[in-house]
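# Need a 3D model of the following:
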Amino acid sequence: PAGRRLLWGAAYPLGEPATESRLGLNTAFRAASVVLLVVVAFGLLYRFPLGNLDPAILFSSYWLLCAGLVVIFLARDPWMTGVGLLIYQTGFELLFTPVEQDLTVAGALAALHILVALALAYLITSKVAGARMGEEG
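Down below sits the predicted model:
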């Protein structure tokens, strides 16, 4: 069928999902990661207060920066790496935008978002195409 050719009906073309036996460990690891990220974000907030920025913005940007790095470091496929890069970039943008409010900077950051998304789409497409070639050959 056409759905099978487009990998719609294929079973997990980008990797196998977590099994039920690993689900408890996976959930505990994620909960511990969230707690650690909150502690690190609060530590950065009080250790490195940046000028006259609102503490809520600082905490949010530190949280996104740390979460993006964790996702990048733990990613096994291009999709999660790209998501981690976009999370990290959003944290940087949230931190940098109140400091420099020029329209050129906003345009450059938006263009960088688009470039990262296009690179992510290319990497995912090449991985799925490689998996498809492995099935055929």
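
# Going by secondary structure, the residue most central in space within the chain is in what exactly?
Among the residues of the chain, the one closest to the centroid is residue 84, at 1.8 Å (Cα atoms, centre = their mean). Using DSSP states H and E, residue 84 falls within helix 78-96.

# how many degrees apart are the helix or strand following that helix and helix 78-96 in direction?
Using DSSP H and E, the helix or strand that follows helix 78-96 towards the C-terminus is helix 103-136. Calculated by axes from the mean of the first three to the mean of the last three Cα atoms, to 10 degrees, helix 103-136 forms an angle of 170 degrees with helix 78-96.

# avg pLDDT for helix 103-136?
For helix 103-136, mean pLDDT is 85.

# ok, now stretch 78-97?
Computed over stretch 78-97, the mean pLDDT rounds to 89.

# cool, and stretch 36-56?
Mean predicted lDDT for stretch 36-56 stands at 87.

# got the end-to-end distance for that stretch?
By Cα to Cα, to the nearest Å, the extent of stretch 36-56 from end to end equals 18 Å.

# one step back: what about dumping the CA coordinates of the helix holding residue 84 to CSV?
Extracted C-alpha coordinates of helix 78-96, given in CSV (Å, rounded to 0.1, in the frame of the first residue of the first chain):
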residue,chain,number,x,y,z
PRO,A,78,18.7,13.6,15.0
TRP,A,79,15.1,14.5,15.9
MET,A,80,15.9,14.8,19.6
THR,A,81,19.2,16.6,19.0
GLY,A,82,17.4,19.2,16.9
VAL,A,83,14.7,19.6,19.5
GLY,A,84,17.5,20.1,22.1
LEU,A,85,19.2,22.7,19.9
LEU,A,86,15.9,24.6,19.5
ILE,A,87,15.3,24.5,23.2
TYR,A,88,18.8,25.8,23.9
GLN,A,89,18.4,28.5,21.3
THR,A,90,15.1,29.6,22.8
GLY,A,91,16.8,29.9,26.2
PHE,A,92,19.5,32.0,24.7
GLU,A,93,17.0,34.1,22.8
LEU,A,94,15.0,34.7,26.0
LEU,A,95,18.2,35.7,27.8
PHE,A,96,19.6,37.9,25.0
